[in-house]
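Asker: Provide a 3D model corresponding to the input given below.
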Amino acid sequence: MRIHFIAIGGAAMHNLAMAVATKAGYIVTGSDDEIFDPARTHLQEAGLLPKEMGWHPENITSDIDAIILGMHAREDNPELVRARELGIKIYSFPEYLYEQTKDKIRIVVGGSHGKTSTTSMILYVLQHLGIEADYMVGAQIEGFERMVRLSDTAKYAVFEGDEYLTSPLDLRSKFLWYHPHVAILTGIAWDHINVFPTFDGYVDTFRKFVDGIEENGTFIYYKHDSNLCEIASNARPDIQLVPYEAYNNSTPSYTTPHNATPFKIFGRHNMENLQAAALACERIGVKPEDFYREISTFTGASNRLELIDEIGTNVAYKDFAHSPSKLRATVNAVRERYPEKQLVAAMELHTFSSLMADFLPQYEGCMAQADVALVYFNPKVIEHKRLTPITAEEVQKAFGTENVEVFTDSQLLQERLRSLTYENTALLMMTSGTFDGVNIPEFARELIK
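Answerer: All right, here's what the predicted structure looks like:
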């Protein structure tokens, strides 16, 4: 079986390519116009890095059995055009995952926030209990070599369900392909405004996700989200509804219900994620006492409140937070964890939604719990994304609290961070990018040492 990946360099795509390449009898090739680390190094080590960058339609030949198409490619991509001319079967990333796991019991975690962490918790516990599962998750997990696994032997498949678009040829949400037996939705907070221009349209894609649950399946949902409650109230009668909240919701507890071992993760949002993961595992036969025993050693997924270092009375974390709901939850979690420390929080507006003027008001109050709140964006990124320019003044007004300072120059941001006094301080660096080339762990250690 010969499979060719168009846009192989994506975070999920290159992990899928490596997973497919390990299957007996499969030959994998791929192409992309640009590939950055860590994908570049991973593909090179796996022998899958394209010999040259760019799109080469002459490499698309009739002996290719299937194309897997990434979202980075455009509809007029020369290789895609050639593949369609030859009548080669074309899969999107989620379509191929479903095709490979359609005979398995599928657990799918969706929501505007917390889906990577919740998926990671489920996988961590299953692995520690020796329960084999195929999976796709959006971050590296301790003890897992890759972010995607496909096998012929696993009974279960656990997927992080992304509501973003499937492919240039399929403008539906990715997670609509997965048809879970056990579905989790952690919450709905407007995101991806570039493809969901109205909040009602955004909510509707989650409604369709629930409609796609397998017959007699289970819908696990956060009980304090009014939109999820409305979706649940209109779900098919064969779907079992399981609402949840954080364990010990009135005062989040960081010990397990079954012993006094403290969790290594913290924050109310993580206690909510943990409860959703526990319920999903219970649906496939995992006893609660086994779940809580194993999860007590879970340190989190990569870039999700990931500890960089602790030096003296100072501590530094990095996080992927960039949307308003993620940003608020992460800042509040660190404030709750370290109420006596100075909290210095820096975040980068980097995604399409975060850089759109119409979306900025969603950030109101998101960093109110920080003592020092620094927000950075690069006007050149806005230009590259062909968005309407925004100003530092507009961003400061949108966040709406006096502690917020806005920077459009990465060097000036770094100088401001260096000017602060770090004594009994919690430093939180949040971005889906790099603050324009900053080595975040190295820089954070420099600040708190």
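
Asker: so how far does stretch 53-71 reach from one end to the other?
Answerer: Terminal residues of stretch 53-71 are spaced 17 Å apart (CA to CA, to the nearest Å).

Asker: what comes up buried for that stretch?
Answerer: 55, 60, 64, 66-71 (16 or more other CB atoms under 10 Å). Just so you know, the C-beta spots here come from the backbone N, C-alpha and C atoms, and that holds for glycine as well.

Asker: tell me the pLDDT of the nearest residue to S302 once chain neighbours are set aside.
Answerer: Leaving out its chain neighbours, the residue that sits closest to S302 by CB to CB, 6 or more residues apart in numbering is Q140, at 4.0 Å. Note for Q140: predicted pLDDT of 78.

Asker: OK, contacts around Q140?
Answerer: By CB atoms under 8 Å, 6 or more residues apart in numbering, the residues touching Q140 are 147, 301-302.

Asker: out of those residues, which is most surrounded?
Answerer: Neighbour counts for the contacts of Q140 (other CB atoms under 10 Å) peak at A301, which has 27 neighbours.

Asker: how far away is it from I122?
Answerer: Between A301 and I122 the distance, using CB to CB, to the nearest Å, works out to 11 Å.

Asker: before we move on, what about Y178?
Answerer: 14 Å.

Asker: kindly report the same for I64.
Answerer: For I64, the distance to I122 - CB to CB - is 35 Å.

Asker: and F435, by the same measure?
Answerer: 31 Å.

Asker: quick one, which of those two is more surrounded?
Answerer: Between F435 and I122, I122 has the larger neighbour count (other CB under 10 Å), namely 29 against 23.

Asker: skipping adjacent residues, who's closest to the more buried one in space?
Answerer: Per CB to CB, 6+ apart, closest to I122 is A277, 4.8 Å.

Asker: can you pull out the strands in the stretch 51-200 of the chain?
Answerer: 66-69, 89-92, 105-110, 133-136, 148-149, 156-160, 165-167, 170-173, 182-185 (DSSP state E, counting those that start in this stretch).

Asker: ok, which of those comes nearest N314?
Answerer: Closest to N314 of the strands of the stretch 51-200 of the chain is strand 156-160 (CB to CB; 32.5 Å).

Asker: got a list of contacts for the longest helix along the chain?
Answerer: Under DSSP state H, the helix in the chain containing the largest number of residues is helix 268-283. For helix 268-283, the surrounding residues in contact (CB under 8 Å, 6+ apart) are 107, 109, 113-114, 117-118, 121-122, 125-126, 182, 184, 186, 218, 220, 222, 242, 244-249, 252-254, 263, 265, 288, 291-292, 295, 300, 305, 329-330, 332-333, 336.
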